[in-house]
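Colleague: need a 3D model of the following:
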Amino acid sequence: MSRATIERFYTAFAQLDDATMAGCYADDARFQDEVFTLNGQRETAGMWSMLCEATRKNGRDAWKLDWRVTGDASAHWDAHYRFSATGRNVLNRIDAAFTFTPQGLIQTHRDRFDFWSWSRQALGAPGLLLGWTPFLRAKVQAQAGANLAKFLKGRP
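Modeller: Residues are numbered from 1 along each chain as shown. Predicted coordinates:
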């Protein structure tokens, strides 16, 4: 059942179908990657909705998702997209690990990627020079958190 959830999730993600992605998470799901630490289905689904919406509006022509299931509770995915804040094209290579509820919903989702590699592509020179530092990572985390809070404000 967990493999089917992973397949449903990434098939929906490739199509920027955030509603189907949201339905893959348990109500009390937790998500973490190099930028976000989120609690609950609302925050987690909100992040994916925010990212999908930005891609549909400003970068559909650059969007491509390649993915594969690598185990019963893991996947690898490569996201090709235009980073909305800078307009720069990015290829982010990500390894995902999951745990699941007995019903097959995602309980925990941990994505891991090379932040410095991402920051060099997404941010250009600042990412190249500072992407390895805790300072830049904290700045990106704070901005992403603020963007998500603004996106979620007023949503059910």
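Colleague: report pLDDT for Met1.
Modeller: Note on Met1: pLDDT of 64.
Colleague: same check on the one 4 residues further on?
Modeller: Each residue has a pLDDT score; the one for Thr5 is 97.
Colleague: next one: Trp132
Modeller: 87.
Colleague: surely it is in contact with Trp116?
Modeller: Yes: checked against Cβ atoms under 8 Å, the pair Trp132 and Trp116 is within contact range at 4.7 Å. No exception for glycine: its C-beta is placed from N, CA and C like everyone else's.
Colleague: who does the lowest-mean-pLDDT helix or strand in the chain touch, helix- and strand-wise?
Modeller: Within the chain, no helix or strand scores below helix 125-130, which has a mean of 87 by mean pLDDT, DSSP states H and E. On a contact count with 3 or more Cβ pairs under 8 Å, 6 or more residues apart in numbering; DSSP states H and E, helix 125-130 meets helix 115-123, helix 134-152.
Colleague: okay, those in CSV with mean neighbour count and distance to Arg68 next?
Modeller: Listed next are the helices and strands packed on helix 125-130 as CSV, based on neighbours: other Cβ atoms under 10 Å; distance: least, Cβ to Cβ, whole Å:
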stretch, mean neighbour count, distance to Arg68
helix 115-123, 20, 20
helix 134-152, 14, 26
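Colleague: which one of these lies nearest to Ala29?
Modeller: Among the helices and strands packed on helix 125-130, helix 134-152 comes nearest to Ala29, with 15.0 Å by Cβ to Cβ.
Colleague: tell me the angle of the biggest strand by length in the chain relative to helix 115-123?
Modeller: If each strand of the chain is counted by residues according to DSSP state E, the longest one is strand 88-100. With axes from the mean of the first three to the mean of the last three Cα atoms, to 10 degrees defining the directions, strand 88-100 sits at 140 degrees from helix 115-123.
Colleague: ok, then the element right after strand 88-100?
Modeller: The first helix or strand that comes after strand 88-100 along the chain, using DSSP states H and E, is strand 106-112.
Colleague: now do that next one: everything it contacts.
Modeller: By Cβ atoms under 8 Å, 6 or more residues apart in numbering, the surrounding residues in contact with strand 106-112 are 5, 9, 24-26, 28-34, 44, 94-101.
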